[in-house]
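J.: With the input below, show me the fold.
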Amino acid sequence: MKVLLVADNASKNFSGESALPLYYFDLFIARGLEVMMLCHSRCRDELRQRYTNDDIYSNIFFIEDTKLQKTLFYIGKYLPFIIRDRIIGQIIYILTQLSQKSISRSLVKRFSLQIVFQPVPISPVTPSAIYDCGVPVVIGPMCGGMEFPPAFSYLESKFEKISSKLARILAGYLNLIIPGKKKAQVLLVSNERTASVLPKGYLGKLYYVIESGVDLKLFKPRTEYAPTANQVVRVVYMARFVDQKGIPYLVEAFSRASSEANIVLELIGNGELFEETQAQVKRLGIVDKVNFHGWMQIDKADDLIRKCDIYMVPAIRDCGGCAQLEAMAIGLPVIAANWAGPGQYTDESSGILVDVDTVEGFIDGLAHAIVKLANSPELRVQLGLGAKQRVRSDYLDWDSKVDRVIEIFKENI
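T.: Numbers count the residues shown, from 1 in each chain. Presented below is the predicted three-dimensional model:
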């Protein structure tokens, strides 16, 4: 099978979803597919170092920014982040795709390709300019349609709400003008919520495949874990320090739980709430029970997480969660918000889900779950075993996900 993989960024150095094309590219090759990739020139140096085999690297093609894109990027630096991200960024991305469209058609014809695959961006509302390529186009897996839980809607300012609404209106019109998702032969979505916000009038077949994944070859189960009743229980969080990740609620919940259990909180990551979180920890009088590690390289973070006992995912506006799946693959039980991605990945066999009906109820629920797991080594072991099994279902691991995507390709050639 001959596949063209189209992406803006294909990189381990950029945002999380930029790594997705590389997983597909590598695993398609490992399964004997003839794969070509088209991405932005900003990835060239990294990919040249990654693929020293010229036979592989020669199948990667690059596009450059136009003068218009460079001008828009310059203007965006002086605008609020939400405008820069949701409007200016989307326009720059569409311009990139328009360039990729003509190159894709040329590559399909030149190399007799059979499928064009566009795995990113994962947003279901972002328009796609990859259509009418002469072969079936497969887009996804996508995930989106996210909102804060009603009780947490106060976290989004009036300006942000208006900007989000404008961005969605703009996306709706762009999907009329640039109908890639309407014309795609196949659309892959993570869940019903994502399907509900796809452009109206799409014609392709709909398949359900979760977009996040874990590499079980890299994140192997720990075998040395043998907790005792009297040990200090290490609770770990690894994510950005921003409102949507729920870090303020976790710290408050941990403070409440610390009087009922022998626990320590390990915080990995940074972000706009980093200093505010440090102040919160000091105000609550739990400085001696909280360790701030800042940003850590993946291997060092993995080493730390393996030594911990409970993995926290208090995120209240997350589509996915690769880090959560990685912790589960290692064998950590999870405490997660019962909302969107975290609530979809964790079940009763692998962790404790906490409802988000009210802010106070969410904090109390997190605290209760921490105490329950911290005071029961047997339950931690049981749910840890369940977590290792959970990531081997529903195409949550990369090998089964890629095998499923290839099956879908074959069904639609």
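
J.: which stretches of the protein form strands?
T.: Assignment of strands within the chain using DSSP state E yields the ranges 2-6, 34-40, 60-63, 115-118, 137-142, 186-189, 205-208, 233-238, 263-268, 290-294, 310-313, 334-337, 351-354.

J.: Mean neighbour count added to these, as a markdown table?
T.: Where you see a C-beta, it was placed from the backbone N, CA and C, and this is true even at glycine. Shown next, in a markdown table, are the strands of the chain (neighbours: other Cβ atoms under 10 Å):
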| stretch | mean neighbour count |
| --- | --- |
| strand 2-6 | 24 |
| strand 34-40 | 22 |
| strand 60-63 | 17 |
| strand 115-118 | 27 |
| strand 137-142 | 27 |
| strand 186-189 | 24 |
| strand 205-208 | 15 |
| strand 233-238 | 23 |
| strand 263-268 | 22 |
| strand 290-294 | 16 |
| strand 310-313 | 28 |
| strand 334-337 | 28 |
| strand 351-354 | 24 |
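
J.: Could you check how far the residue nearest to residue 406 when sequence neighbours are not counted is from residue 50?
T.: Spatially, and ignoring its direct neighbours in sequence, residue 406 is nearest to residue 31 (6.5 Å; Cβ to Cβ, 6 or more residues apart in numbering). Using Cβ to Cβ, to the nearest Å, one obtains 19 Å as the distance from residue 31 to residue 50.

J.: same question, residue 9
T.: For residue 9, the distance to residue 50 - Cβ to Cβ - is 13 Å.

J.: And the two? Which one has more around it.
T.: residue 9 (22 against 18; other Cβ atoms under 10 Å).

J.: Got the confidence number for that one?
T.: Looking at residue 9, its pLDDT stands at 91.

J.: care to break this protein down by domain?
T.: Listed by automatic domain parsing, the domain ranges of the chain are 2-213+397-412, 233-390.

J.: Now tell me which helix or strand of the protein has the poorest mean pLDDT.
T.: Sorting the helices and strands of the chain by mean pLDDT, DSSP states H and E puts helix 81-83 at the bottom, at a mean of 72.

J.: who touches residue 408 in this structure?
T.: 138, 186, 188, 207, 209 (Cβ atoms under 8 Å, 6 or more residues apart in numbering).

J.: So for the closest residue to the second one other than its chain neighbours, what's the pLDDT?
T.: Nearest residue to residue 186 in three dimensions, chain neighbours excluded: residue 138, at 4.2 Å (Cβ to Cβ, 6+ apart). Here the pLDDT value assigned to residue 138 is 98.

J.: same question, residue 147
T.: 85.

J.: In the chain, where's the longest helix?
T.: Counting residues, the longest helix found in the chain (DSSP state H) is helix 89-111.

J.: now that helix and strand 137-142, what's the angle there?
T.: Inter-element angle recorded for helix 89-111 and strand 137-142: 140 degrees (by axes from the mean of the first three to the mean of the last three Cα atoms, to 10 degrees).

J.: packing partners for helix 89-111?
T.: strand 2-6, strand 34-40, strand 60-63, helix 67-76, helix 158-177 (3 or more Cβ pairs under 8 Å, 6 or more residues apart in numbering; DSSP states H and E).

J.: Would you tell me which of those gets closest to residue 134?
T.: strand 2-6 (10.8 Å; Cβ to Cβ).
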